[in-house]
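Participant: Got a sequence here, can you model it:
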Amino acid sequence: MSAAALEGKIVVVIGGTTGLGLSAAQAMITAGARVVVTGRHDETVHEAGRLLGPKAVALRCDATDPNSAGAAIAAAREHFGGFHGLYHVAGGSGRSAGDGPLHELTDEGWEATISLNLTSLVWSNRAAVRQFLAQGGGGSILNMGSVLGWDPSPQHFATHAYAAAKSAVIGFTKSIAAYYAPRGIRVNVLAPALVATPMAQRAAGDERIRKFIATKQPLDGGRIGRPEDLDAAVVYFMGDGARFTTGQVLAIDGGWCVSEGQLATSASQ
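Facilitator: The predicted structure follows:
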């Protein structure tokens, strides 16, 4: 990854104060970018600002507020003088709100999970597209998907509203990528499998799931992913090296989509 791959780029990371977003922000700064990161909690916002240093601005914003992404983009323009890319990471499990298998899914669980994982992304993409159109010259949007959007794990990850949201992210991304391509606006998706983030604590602490992952994600010793495993792809999609790439879904999954996990599944039955 070139130290100057993002020289001069100004990127907003929605959900960038912990986990995947924070790691990506650090990688983009290393590659020459300046970033605005957003998060929901004062303590993580403060810590992200401290870690990222003077090439970053950290803001407390709720991604489900339709005005929050616009505020972050305005902050990028005010502090750094421009806006070139949006990375939407914000999302998470709706299990505690009532997501789960369809027969157990509550109305509240559906609404909360869709709001967090899909509606918030629509709002941020809308704000980015409006700004790109206003200033001309195009730009890049990168959305957070999941392999569960098309490659389910019925035994261990039966959260059906979450799967619906992540599947919809792909359809939405491809649709707007097609529409805005003539204006130079690129829109792509990263789709990780299980990665060690705050959201993944339940799974990472479950011995049956760890055994499943050992064969479902067989690369590099059959481990759970790390946030930095996605960083090079983020830098690529945010940079000019991806200027001819749009509407794509890149699975960074340790082999999830080409592996069955049969040994771990049968061992856990």
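
Participant: Next, count neighbours for residue 5.
Facilitator: One way to gauge burial is a neighbour count; for residue 5, by other CB atoms under 10 Å, it gives 20. Using the backbone N, CA and C atoms, a C-beta is placed for each residue, glycine as well.

Participant: Verify the stated contact: it with residue 233.
Facilitator: No: counting by CB atoms under 8 Å, residue 5 does not reach residue 233; the two are 12.0 Å apart.

Participant: Make sure residue 51 is indeed in a helix.
Facilitator: Yes: per DSSP: H, G, I helix; E, B strand; the rest coil, residue 51 lies within a helix segment.

Participant: just checking, what's the longest strand in the protein?
Facilitator: Here the longest strand in the chain is taken by residue count, with DSSP state E as the criterion, and it is strand 185-192.

Participant: Who are the packing partners of that strand?
Facilitator: When contacts are defined as 3 or more CB pairs under 8 Å, 6 or more residues apart in numbering; DSSP states H and E, strand 185-192 packs onto helix 120-135, strand 139-144, helix 160-180, helix 231-238, strand 249-252.

Participant: Give the bridge partners for residue 60, please.
Facilitator: Listed by DSSP bridges, the beta-bridge partners for residue 60 are residue 39.

Participant: circling back: I'd like to check what contacts whichever helix or strand comes after the longest strand of the chain. Which residues are they?
Facilitator: Following the chain from strand 185-192 toward its C-terminal end, the next helix or strand by DSSP states H and E is helix 201-204. For helix 201-204, contacts defined as CB atoms under 8 Å, 6 or more residues apart in numbering pick out 93, 95, 156-157, 194, 196, 209-210, 224.

Participant: One more pass at 10 Å, please.
Facilitator: With contacts defined as CB atoms under 10 Å, 6 or more residues apart in numbering, helix 201-204 is touched by 93, 95-96, 153, 156-157, 194-197, 209-210, 212-213, 224.

Participant: List the buried residues for that helix?
Facilitator: Buried residues in helix 201-204, counting neighbours by 16 or more other CB atoms under 10 Å, are found at residue 203.

Participant: How about stretch 208-217?
Facilitator: Using 16+ other CB under 10 Å as the test for burial, stretch 208-217 gives 209-217.

Participant: ranking the helices and strands packed on strand 185-192 by burial, who's on top?
Facilitator: Each of the helices and strands packed on strand 185-192 was given a mean neighbour count from mean count of other CB atoms under 10 Å, and the largest, a mean of 26, is that of strand 139-144.

Participant: and the angle for that one with strand 185-192?
Facilitator: With axes from the mean of the first three to the mean of the last three CA atoms, to 10 degrees defining the directions, strand 139-144 sits at 20 degrees from strand 185-192.

Participant: Hey, what's the angle from strand 139-144 to helix 160-180? Just curious.
Facilitator: Calculated by the same axes, to 10 degrees, strand 139-144 forms an angle of 160 degrees with helix 160-180.

Participant: Pretty sure residue 193 sits against residue 226.
Facilitator: No: taking CB atoms under 10 Å as the definition, residue 193 is not a contact partner of residue 226, at 11.8 Å.

Participant: Could you check which of those two has the larger neighbour count?
Facilitator: residue 193 (24 against 14).

Participant: How much space separates that one from residue 117?
Facilitator: The gap separating residue 193 from residue 117 is 16 Å, by CB to CB, to the nearest Å.

Participant: What of residue 84?
Facilitator: For residue 84, the distance to residue 117 equals 25 Å [CB to CB].

Participant: just residue 48 next, same as before
Facilitator: Looking at residue 48 against residue 117, where the rule is CB to CB, the gap reads 21 Å.

Participant: Same question for residue 28.
Facilitator: 23 Å.

Participant: For residue 58, the count of nearby residues, please.
Facilitator: There are 25 residues near residue 58, going by other CB under 10 Å.

Participant: how would you label it: helix, strand or coil?
Facilitator: Each residue gets one of three states, and residue 58 gets strand by three-state DSSP.
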